[in-house]
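1. build me a model from this:
(chains A and B)
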Amino acid sequence: MSRIAGGLIDRTRPVSFTFDGHAYQGFAGDTLASALIANDQRTVARSFKYHRPRGILSAGSEEPNALVTLGRGTGQEPNARATMVELREGLAARSQNAWPSVGFDLMEVNDLAAPFLTAGFYYKTFMGPYRIWERLFEPAIRRAAGLGVLSKEAADLRFEKAFAFCDLLVIGAGPTGLMAALTAAEAGADVILADEDFLPGGRLNSDRQEVGGQASSAWAGEVTARLEAMENVRILRRTAVTGVYDQGTYGALQRHAPGPTRPLETFWRIVARHAILAAGAVERPVAFANNDRPGVMLAGAVRTYVNRFAAAPGQTAVVFGASDSVHRTAADLRRAGVHVAALVDARDAPCDLDVPFYPGAQVERVLGREAEGVVIRRADGTEERVQADLVAMSGGWNPLVHLSCHMNARPVWRDDIAAFVPAPGAVPGMIPAGACNGEVTTAACLAAGRDAARQVVSDLGLSGASPDLPEAEDREARAEPLWVVPGKGRKWVDFQNDVTTKDVEQAARENFRSVEHMKRYTTQGMATDQGRTGGVTALAVLADATGRSIPGTGTTTYRPPYTPVHIGALGAGGQGKGFAPERFTAAHPVHLSMTAPMIEAGLWYRPSFYPREGEKTWRASCDREALMVRNSVGICDVTTLGKIDVQGPDAAEFLDFVYTGTMSTLKVGRVRYGLMLREDGQIMDDGTCARLGEAHYLVTTTTAAAGLVMKQMEFAAQVLRPDLDVRLMSVTEQWFQAAVAGPKSRDLLNDLLDAPLEPEDWPFMACGAVSVGGVPARLFRISFSGEHAYELAVPARYGESLFRQLVARAESMGGGAYGMEALNVLRIEKGLLTHAELDGRTTAYDLNLKGMMKRSKDFVGRAAAGREGLLDEDRPRLVGLKPTGAVKQLTAGAFLFDPEAEPTRPNAQGTISSVAFSPTLGHFIGLALLKEGPDRHGDTVRMVDHLRGISTLCEVCDPVFFDPEGGRVRG
Amino acid sequence: MRLTCPHCGTRDLREFTYGGAALERPTGDWGPAWDAYVHLRENPAGASFEWWQHDVCATWLKVDRDTRTHVISQVTEARA
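-> So this is what the prediction gives:
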């Protein structure tokens, strides 16, 4: 155990967990990383490409090495960063990308082949036919290189989404963020403070310093408590702001505190009038040989583990950097009882610590598979080996500029701190402040936070005294940039993707000089950590190799998300029924009770057929139902068809504008079939239009196009013809509607309705008000089956009862309910259209409905439908087909050819849009679009279904197969 | 993105449907003006006048949006 005294962990609450099956103990307040360090676990992972053993590098979300898999099976979560996993009782973590174990990984052989596995290796080596790549190379590479794997079981991880609005979003709860939140909150602003950590405070919890006369962590705790007590403040702990979008919209990912009832993560969309970016900075590593060995750690992270988590990452340390902060690391280590074997400062700086000090020197390389020592090169060029199991390094700090760049801004380089900072005005409404803006002392950060918040308070029109700035450390932390230590050996810049300085230099040599090309060629910065630690180091190497400055080299593009986000969190609420809500008609329970298989029609569910005892196939049920309609009476739920109520003094003129036909001449109490076009002249939808009153129409649409038609009608009314006084209302949900079809339909209705139907009042295409059981209803004498038929509409709440009664009466008359399959057969027998024919590429002319386009007035699509090409006789046009060859089957989607022609695409004459077996006629029938079709009735064509391998000869005929004179529908 | 519906106030993008460039519909038979109306679109870097429908209240809106900054400078009711 390397647990030391002090820290911000709760020693009264021990927590048991396992790593790779071994049981360990930590405390509440630990992360998995700190608990592993406290248990002397140095190697926790294997690298992506070379399978080198890796330890914990950092103490934050930037961690590139320590990726682990949590849980198993349905709860398995790969690629969790150990530094971000809050320790919880029973946590089971596993190492990944290693076999048989993380300590002894056979794939480490890759490391021996490293000279060959440099940048571009895959591109250069695995050339060859695509199939070989797909079957041989890619699977092999995937096995060898990789991250954690999915369990391939449906995950039961729960995610939520949430929305929030505020005056001010403060991103980061370090000294800057806390001070900013406090200042704005005390002035009365509605504040959200979001921080990745479960403990607000940032570096205040990691460094030993005083703020306001007390330990900085205590100050942070006190301010947090004050903020928590304020009603106008929401603190989102464990919440990373992941993206910045238009108009002050921010995406944020919240991990939840461990607990069985909580979701794993919540994805927030936060709309903020103002934002203060107080994201802080991350330390960068120094590129020296074998800087990736377990035991090599960022100096600031070492302080975090020692000071906050009371976990010593080693027993003997070498501390290396070129800044005052490495002296601080050495002092903290000594205080924690860790032997400091060497403090190596690349600058020629003084040292007031009693430790072996190497000014002007550098750590040249690390010895051992897990760090056992280092080779130090002194200022005079001599070398010395020093034993150490911990190497703390600091190459300087990178301000976390990422979020400032999500709206296309590029960060700007500051020579004095050798770092990129956010460009001024990078995001409208967002003020960068503190360490992410290049501040280096705690006092400066506190002041920057307060100043930024004051600006926001004033912009919000609020007033109020700002809190006093607490006393804090203001000693200028001097630093010099330290990128690469000269010398042999591989020096890592991207730990997770195994990119070394050599790879970057090679990319430059091979002319991948642009930073974007270098990135893609070497994969630098393309791992899950997005190169947050070593990215700028890689730029420095590229700049050096190409003879440019770092700002001259430029950065790659920063894009959301800032930190990995589970797809499950982005899609929260969108699984299963949340993805596609279900719409049921009022008679749904009846369909289910009659064991009808339900099929989707958009979001609706409709019965396909109603199986009866002894019917073994759907065809048996379908044939019976179709014959039932032809011979007695059938009932069909047609509620799903769109219904649009159109009212207003100009309703008639408006409908003349949206329909190809004329609805203004329609008499009250009559229905007319209508076509609507798109403005490009193609048919959008068809349906009926009933005139219920002088200024009152009811338009029906197909089920699929109901929303589209409503939208286009609203567009026409509001945008194209604002001069017309008309209002539209969708009433699809308000009315239940059933078709009553067949020769006995009138008998059935006469029995059911409160008053019998007078035949002279109810000719074909009549409509009007009726009463059923005292309920006002609407009746339409329309037919989609070619039979004498009606559609009866009642308010939706009576739908189930009405449907039960209709079916019972029909059954007593030798009929019954019919579903979508029979409906389709009946309409094909009559050559009536659905979206199989109205497929968005057909015109009225194509469907032999040219006569429905009025000449007198303008209507939507009129001009375009008049184009020459759309009236070309050569266009495929609607016909009927009957099989005449040996094979008696027709299939939808099949192509049509002249009988003697080769069945190849250039010879295609048309396609079949709909087919059905007609029980009435005793053979298959089909509707097809055939070149010059209407002139070819009686001709023979060949149908070829290449997909199903079916071919047959057919006779071209009129598309109306049954009762072409329409005697039955009028009868 | 949020748009301010004159009836309902400021609402999230998900309540709206894009309706294309706000163009004047030509009259008469097919010709170059119709071709432009149906098929040809500018791809402006800057001010863009667009139709959007607020699905909740069904109001069609004319929106002045800057395609570079996504700043919405004006939203008016199409019918007005």
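2. what about stretch A:387-405, start to end distance?
-> Using C-alpha to C-alpha, to the nearest Å, the end-to-end distance of stretch A:387-405 comes out at 43 Å.
3. return the set of buried residues in it.
-> Neighbour-count burial for stretch A:387-405 flags A:388-405 (criterion: 16 or more other C-beta atoms under 10 Å in any protein chain shown). Where you see a C-beta, it was placed from the backbone N, CA and C, and this is true even at glycine.
4. now do stretch A:461-475
-> Of the residues in stretch A:461-475, those buried under the neighbour-count criterion (16+ other C-beta under 10 Å) are A:466-467, A:469-470, A:472-473.
5. got it, and stretch A:648-662?
-> For stretch A:648-662, using 16+ other C-beta under 10 Å, the buried residues are A:648, A:650-662.
6. ok, it near chain B or not?
-> No. Counting by C-beta under 8 Å from any C-beta of the partner chain, no contacts exist between stretch A:648-662 and chain B, the nearest distance being 11.0 Å.
7. quick one: residues in contact with that stretch.
-> The set of residues that contact stretch A:648-662 without belonging to it, under C-beta atoms under 8 Å, 6 or more residues apart in numbering or on different chains, is A:646, A:663-664, A:666, A:672-677, A:689, A:695-697, A:699, A:712-713, A:716-717, A:720-721, A:724-727, A:844, A:852-854, A:856-862, A:865.
8. just the C-alpha atoms of stretch A:931-945, please, in CSV.
-> In CSV, the C-alpha atoms belonging to stretch A:931-945 read as follows (Å, rounded to 0.1, in the frame of the first residue of the first chain):
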residue,chain,number,x,y,z
LYS,A,931,-44.2,2.7,-72.4
GLU,A,932,-47.1,3.8,-74.7
GLY,A,933,-49.2,1.5,-72.5
PRO,A,934,-52.7,2.7,-73.2
ASP,A,935,-52.1,2.1,-76.9
ARG,A,936,-50.9,-1.4,-76.4
HIS,A,937,-54.0,-3.1,-74.8
GLY,A,938,-54.1,-6.7,-76.1
ASP,A,939,-50.3,-6.8,-76.8
THR,A,940,-48.1,-9.4,-75.2
VAL,A,941,-45.1,-8.4,-73.0
ARG,A,942,-42.6,-10.4,-71.0
MET,A,943,-42.3,-9.9,-67.3
VAL,A,944,-38.9,-10.6,-65.9
ASP,A,945,-38.2,-10.5,-62.2
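9. for chain B, what lies in contact range of chain A?
-> Of all the residues in chain B, those in contact range of chain A (C-beta under 8 Å from any C-beta) are B:1-2, B:17, B:19, B:25-31, B:34, B:37-38, B:51, B:53, B:58-60, B:69-70, B:72, B:77-79.
10. buried among these? Make that a ChimeraX selection.
-> Those of these that count as buried under 16+ other C-beta under 10 Å are selected in ChimeraX with:
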select /B:2,19,25,26,30,34,37,38,51,53,58,59,60,72,78
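11. name the nearest residue to the residue lying farthest from the centre of chain B, sequence neighbours excluded.
-> For chain B, the C-alpha lying farthest from the average C-alpha position belongs to B:D29; by C-alpha atoms, centre = their mean, that distance is 24.9 Å. Nearest non-adjacent residue to B:D29, counting by C-beta to C-beta, 6 or more residues apart in numbering or on different chains: A:A863, 5.7 Å away.
12. picking that back up, identify the farthest-apart pair in the buried residues of stretch A:648-662.
-> Using C-beta to C-beta, those reach their maximum pairwise distance at A:G648 and A:T660, which is 20.9 Å.
13. you'd agree A:H517 is in a helix?
-> Yes. Assessed by DSSP: H, G, I helix; E, B strand; the rest coil, A:H517 belongs to a helix.
14. tell me the contacts of it?
-> Contacts for A:H517 (C-beta under 8 Å, 6+ apart) come out as A:A507.
15. list the contacts for A:T249?
-> When contacts are taken as C-beta under 8 Å, 6+ apart, A:T249 is in contact with A:269-271, B:1-2.
16. hmm, back to that, between which two of the buried residues of stretch A:461-475 is the distance greatest?
-> Of all pairs drawn from these, the widest gap by C-beta to C-beta lies between A:S466 and A:E473 and measures 20.7 Å.
17. can you redo the buried residues of stretch A:461-475 as TSV with distance to A:D754, pLDDT and secondary structure?
-> Compiled in TSV, these are given as follows (distance: C-beta to C-beta, whole Å; pLDDT from 0 to 100; DSSP: H, G, I helix; E, B strand; the rest coil):
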residue	distance to A:D754	pLDDT	secondary structure
A:S466	77	85	coil
A:P467	77	91	coil
A:L469	83	94	coil
A:P470	84	95	coil
A:A472	86	93	strand
A:E473	90	86	coil
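18. closest to chain B among these?
-> Of all the buried residues of stretch A:461-475, A:S466 has the smallest distance to chain B: 30.2 Å, by C-beta to the nearest C-beta.
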